[in-house]
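Visitor: no sequence on hand, only this structure:
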C-alpha cells in the first residue's frame, strides 16, 4: 500500500515537472515570435521611402529605426510608418538613406513622433523633428507633445470674439481676422504673400492692447521648401525687430528631404498648441502648403497609391483638413486659448479653381487673394478686395472700424470701376470726385514690405479718408500725412484709449488727430 502511494506521488511530480517544462517551452517560443514581429527586413528603398516586410504589429505613425555602424560608432536612423498593407510597411525616413541597404533589419520603437514644446523653443530655428538649426545650444524642454493629433472637438471650442491685428490696413479694416480663425493667403508666385504673413508677426510688437496687458501673441512661422538664404533673411528681420522674443521658426528647406517638408506643418502646429492649451493666444503661418502637397504626392506615388486628379492621392483633402482643424478658439472652460492659422497657397496663372487651392479654400474661414496685376502696378500689398473675404472675422472687429469698413470698401470699389474713364474728356464732376478721392484712399492702403500700422492709426486714416479730409491734398501730401499719423500715434500715448472703442465718437477723434497734427506742425 505504501509502495503504491510513493509511486503515485513520484508519477505526479514527474507530470508536474513535464508540464512546467512544456509551459516554459511555450513561453520561449511565443517570446521569440514577439521578437520576430517587432522587426522586419528592408525590401526596397527609393528617395527616402523604404518598403519593409515583417513589422506585423507596427501601427500607422509609429517610429521605426535602422542601426547604422560607422567605424566603432553605432547610431540609429529613424523613420515614420506611413503606409501599411497585409504583407509590407511603407516607411518615410527623416534623414539620408545612403547608408541603408536592402536586406537590412529594421525595428519598431512602439513610440510615436514627439516634438519639444514650451517657452524654451521661442527665438529658435528648429527642423521638423525638433533639432535646432541656429547653431546655438541644444533645446531642453520640460514637455514634449505628439507631432500629429486630433483637433479640438465641438464641445471644447468657443466663438471667435477677439481680433488679431495684422498691421495691414486693407486686411484689418476690410477682411478682419479673429483669434482662432483660419484665413488663407493665396496668389501667384512672387506677389507678396510672405510679406503679408511676416507683417502679421511683426505687428504684434506694436499692438498696444498686448503691450498694456503685458502679454505676447506667440507666433510660429513654418517655412516649407524655401531656400536657406530666405529663412536666414526672415530670421534676421525677426531679430532686428525683437520679434524673436515671441516667435519660433520651424524650417524644412529645399535642401531637406521631401519627408521633412511634409512633416513640418504638423510639427509647427504642435509647438503652437502648447500655448493655446494653456490659455494663451498663438498664431501659426504655413508658408506654403502647396509645397507640402507636392511632397505628399511624391511619397504616395512611390508607395504606389492610386493617383487621382493632378496625380494627388485621394486623401489629399484630409492632409490639410486634419492640420487646419487644429486651429481653434477654446471655450473659457478649457482656459480660452486660441490658435490662428494663416496658410499660404501658391497658384499658377492666378487659377484659384485648381485642385489644392479649392481644397484649402473650402477648409478655411476666408481668403486674402493677392493679385499679380496689382502687384506689378506697385499697389502693395496687392490684395484684391473683390475676391478676398473673411467669413467670421467681422464678429471680432472693433466697432468703430466695423462702422466705417463698408463705406471705405464701397469707395475703393467705386474708384476701381470708374478709373478707366479718367482718360476721357467730358467726364461728369461726380465721377471725377470719385476718382479724385479713390486715388487718395488707395495711397492709404499702400504699405511697404514688413511695414506694420497699428490699429489706432488705421482708425484715424480711414475715418479721415471717408469724410474727404484728404480731398485737398496731393498724392504725395497724403503719403506724408499718413507717415506722420503712424509716427504720431506710436509716440503719443494720449491719443490712444482702447477702453472707449465701443462708444467712440469718430468726429471727436478726427478733430483730435487733426489738432495734434497741426500742433506738431508737420511739413507735408
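Guide: Yes, it's here. Values in this document were obtained by computation on a predicted structure and should not be read as measured data.

Visitor: how many residues are close by residue 329?
Guide: By other C-beta atoms under 10 Å, 25 other residues sit near residue 329. Heads up, the C-betas are built off the backbone N, CA and C, glycines and all.

Visitor: need the pLDDT of it.
Guide: pLDDT, residue 329: 94.

Visitor: how about it, what does it touch?
Guide: 157-161, 178-181, 336, 338 (C-beta atoms under 8 Å, 6 or more residues apart in numbering).

Visitor: likewise residue 149?
Guide: Counting by C-beta under 8 Å, 6+ apart, residue 149 has contacts 270, 326.

Visitor: start the count at 53 instead of 1 going forward.
Guide: With the count now opening at 53, the last piece we talked about shows up as residue 201.

Visitor: what sits against residue 501?
Guide: Taking C-beta under 8 Å, 6+ apart as the criterion, residue 501 is in contact with 244, 247, 250-251, 432.

Visitor: using ChimeraX, define a selection of the buried residues within those residues.
Guide: Those of the contacts of residue 501 that count as buried under 16 or more other C-beta atoms under 10 Å are selected in ChimeraX with:
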select :244,247,250,251,432
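
Visitor: and the contacts of residue 501 as TSV, adding distance to residue 365 and secondary structure?
Guide: As requested, the contacts of residue 501 are arranged in TSV below (distance: C-beta to C-beta, whole Å; DSSP: H, G, I helix; E, B strand; the rest coil):
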residue	distance to residue 365	secondary structure
244	31	coil
247	32	helix
250	32	helix
251	35	helix
432	37	coil
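
Visitor: which of the contacts of residue 381 fall in strands?
Guide: Within the contacts of residue 381, residues falling in strands by DSSP state E are 230, 390.

Visitor: closest to residue 513 among the contacts of residue 381?
Guide: residue 230 (21.8 Å; C-beta to C-beta).

Visitor: measure that closest one to residue 412 for me?
Guide: 19 Å (C-beta to C-beta, to the nearest Å).

Visitor: quick one: which of the two has more around it?
Guide: Shown here are residue 230 and residue 412; by other C-beta under 10 Å, residue 412 has more neighbours (27 against 23).

Visitor: and residue 126, helix, strand or coil?
Guide: The local conformation at residue 126, judged by DSSP: H, G, I helix; E, B strand; the rest coil, is strand.

Visitor: residue 431: neighbour count?
Guide: As a burial measure, residue 431 scores 16 neighbours (other C-beta under 10 Å).

Visitor: contacting residues for the closest residue to it other than its chain neighbours?
Guide: Among residues not flanking residue 431 along the chain, residue 498 sits closest, at 6.4 Å (C-beta to C-beta, 6 or more residues apart in numbering). Residues near residue 498 by C-beta under 8 Å, 6+ apart: 431-432, 531.

Visitor: rewinding a little: which of the contacts of residue 381 sits closest to residue 510?
Guide: Closest to residue 510 out of the contacts of residue 381 is residue 230 (16.4 Å), distances taken as C-beta to C-beta.

Visitor: in this structure that closest one contacts residue 444, no?
Guide: Yes - between residue 230 and residue 444 a contact is recorded at 6.0 Å, counting by C-beta atoms under 8 Å.

Visitor: any chance you could list residues touching both of the two?
Guide: Common neighbours of residue 230 and residue 444 (C-beta under 8 Å, 6+ apart) are residue 212.

Visitor: name the element residue 159 belongs to?
Guide: Residue 159 belongs to strand 157-164 when assigned by DSSP states H and E.

Visitor: check which residues of that strand are buried.
Guide: Neighbour counts over strand 157-164 (16+ other C-beta under 10 Å) mark 158-160, 164 as buried.

Visitor: which residue ranges of the stretch 103-252 of the chain form strands?
Guide: Counting by DSSP state E, counting those that start in this stretch, one finds strands in the stretch 103-252 of the chain at the ranges 114-122, 125-136, 140-145, 157-164, 166-169, 177-178, 195-198, 215-216, 229-230, 236-239.

Visitor: mind checking these for the one nearest to residue 271?
Guide: strand 215-216 (10.6 Å).

Visitor: same for that closest one, what does it pack against?
Guide: Helices and strands touching strand 215-216, by 3 or more C-beta pairs under 8 Å, 6 or more residues apart in numbering; DSSP states H and E, are strand 229-230.

Visitor: mind listing residues that contact the strand it packs on?
Guide: Contacts for strand 229-230 (C-beta under 8 Å, 6+ apart): 212-216, 218, 223, 235, 381, 392, 394, 442, 444-445, 447-449.

Visitor: report the rounded mean pLDDT for stretch 212-228.
Guide: Stretch 212-228 comes out at a mean pLDDT of 92.

Visitor: what about that stretch, how long is it end to end?
Guide: End-to-end distance for stretch 212-228: 12 Å, by C-alpha to C-alpha, to the nearest Å.

Visitor: for this structure, which residues score under the pLDDT cut-off?
Guide: Within the chain, the segments meeting pLDDT under 70 span 53-89, 544-562, 564-576.

Visitor: just give me the residue right at the centre of it.
Guide: residue 337 (2.9 Å; C-alpha atoms, centre = their mean).

Visitor: name the element that residue belongs to?
Guide: strand 333-339.

Visitor: contacting residues around that strand?
Guide: 214, 216, 231, 245-246, 249, 252-253, 256, 267, 269-276, 278, 317, 320-321, 324-325, 327-328, 344, 375, 379, 389-396.

Visitor: distance check, residue 292 against residue 184.
Guide: Residue 292 sits 20 Å away from residue 184, going by C-beta to C-beta.

Visitor: tell me which residues in stretch 450-462 are buried?
Guide: 450, 452-453, 456-457, 460-461.

Visitor: what's the closest non-adjacent residue to residue 204?
Guide: Take residue 204 and drop its neighbours on the chain: the residue closest to it by C-beta to C-beta, 6+ apart is residue 380, 4.7 Å away.

Visitor: what count of nearby residues applies to that neighbour?
Guide: Residue 380: 26 neighbours (other C-beta under 10 Å).
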